[in-house]
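Enquirer: Coordinates only, no sequence provided:
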């Protein structure tokens, strides 16, 4: 799942924080991995709670948080939730040379230890909202990481760009999208009219898309969650879901 949670503040309720509502959206989908964006950690507006840790506890999952910026006395950024153990976690600061005054953006990375001994690399990111040139640079950085990655690599996030943009065209050089045609819009939540949230996977990986859908959730956040199901084959003829 990719889910921009808007620091668990439902758009219709100014200043109200509903972490359990976000947790329930995730719980209903019974997903194994979640890429979260707009996560508050110890920020006054959301009650000084570590939202990444709190959601992990509510869902019985492992987690990793990567700070993008200091905000409101705490940290604001992206996170990964996983049903399986996480190792080799790291944060990559993404470039913003085209518009240096833009809000800092990061990529959170983790290795996921799957049952049976297989591993995948999973990333959560939130690309620049204002500058297409920045987004293109950020994608190029992510592509370079994918090129050096030996494990199957799944990337998910709010990429803040439309499917036919230069940044998405660049991303397509290294990744395949979980949905390539007839895809449902993801934003805004009440009357979605654009696709800006994606799940993609490295072209070199042994992953196969079994399904892709946008969850019709219109209350909890200003984005709708995106869910993809993959099959990972260890060897030809030996699938591992």
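Expert: Received, thanks. Bear in mind the structure is a predicted one, so any value in this text is a computation, not a measurement.

Enquirer: mind listing the strands for this protein?
Expert: With DSSP state E, the ranges of strands along the chain come out as 2-4, 33-41, 62-71, 74-82, 86-93, 106-113, 119-126, 153-158, 175-177, 197-202, 207-214, 226-235, 238-240.

Enquirer: hang on, residue 91 packs against residue 107?
Expert: Yes: using Cβ atoms under 8 Å, residue 91 and residue 107 qualify as a contacting pair, with a distance of 7.2 Å. From N, CA and C alone the C-beta is placed, and that goes for glycine too.

Enquirer: Mutual contacts of the two, please.
Expert: Common contact partners of residue 91 and residue 107 (Cβ atoms under 8 Å, 6 or more residues apart in numbering): residue 66.

Enquirer: Could you check how many residues crowd around the residue nearest to residue 90 when sequence neighbours are not counted?
Expert: In this structure, residue 90 finds its nearest non-sequential neighbour in residue 109, 5.2 Å apart by Cβ to Cβ, 6 or more residues apart in numbering. Residues near residue 109, counting by other Cβ atoms under 10 Å, number 24.

Enquirer: So, low pLDDT: which residues of this protein?
Expert: 235-241 (pLDDT under 70).

Enquirer: wait, isn't the residue nearest to residue 90 in contact with residue 123?
Expert: Yes: if you go by Cβ under 8 Å, residue 109 and residue 123 touch, sitting 5.0 Å apart.

Enquirer: overlap in contacts of these two?
Expert: Counting by Cβ under 8 Å, 6+ apart, the residues touching both residue 109 and residue 123 are residue 145.

Enquirer: now the strands of the chain in JSON lines, with distance to residue 24?
Expert: Shown next, in JSON lines, are the strands of the chain (distance: least, Cβ to Cβ, whole Å):
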{"stretch": "strand 2-4", "distance to residue 24": "12"}
{"stretch": "strand 33-41", "distance to residue 24": "13"}
{"stretch": "strand 62-71", "distance to residue 24": "17"}
{"stretch": "strand 74-82", "distance to residue 24": "14"}
{"stretch": "strand 86-93", "distance to residue 24": "23"}
{"stretch": "strand 106-113", "distance to residue 24": "23"}
{"stretch": "strand 119-126", "distance to residue 24": "20"}
{"stretch": "strand 153-158", "distance to residue 24": "20"}
{"stretch": "strand 175-177", "distance to residue 24": "27"}
{"stretch": "strand 197-202", "distance to residue 24": "19"}
{"stretch": "strand 207-214", "distance to residue 24": "17"}
{"stretch": "strand 226-235", "distance to residue 24": "15"}
{"stretch": "strand 238-240", "distance to residue 24": "29"}
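
Enquirer: Pick the most buried one from those strands.
Expert: Of all these, strand 2-4 carries the top mean neighbour count, a mean of 29, counting by mean count of other Cβ atoms under 10 Å.

Enquirer: Need the residues that contact the helix ranked longest in the chain.
Expert: The longest helix of the chain (DSSP state H) is helix 132-148. With Cβ under 8 Å, 6+ apart as the test, helix 132-148 has contacts from 92, 94-99, 102, 105, 107, 109, 123, 125, 127-128, 153, 155, 159-161, 165-168, 170-171, 173-175, 202, 204.

Enquirer: Distance check, residue 28 against residue 217.
Expert: 9 Å (Cβ to Cβ, to the nearest Å).

Enquirer: List the contacts of residue 153.
Expert: 120-123, 146, 175, 201-202, 205.

Enquirer: wait, which of the residues you listed is closest to residue 43?
Expert: Of all the contacts of residue 153, residue 123 has the smallest distance to residue 43: 23.3 Å, by Cβ to Cβ.

Enquirer: Let me see the contact set for the nearest residue to the closest one once chain neighbours are set aside.
Expert: Excluding its sequence neighbours, the residue lying closest to residue 123 (Cβ to Cβ, 6+ apart) is residue 155, at 4.4 Å. Residue 155 sits next to 35, 122-125, 142, 146, 175, 199-202 when contact means Cβ under 8 Å, 6+ apart.
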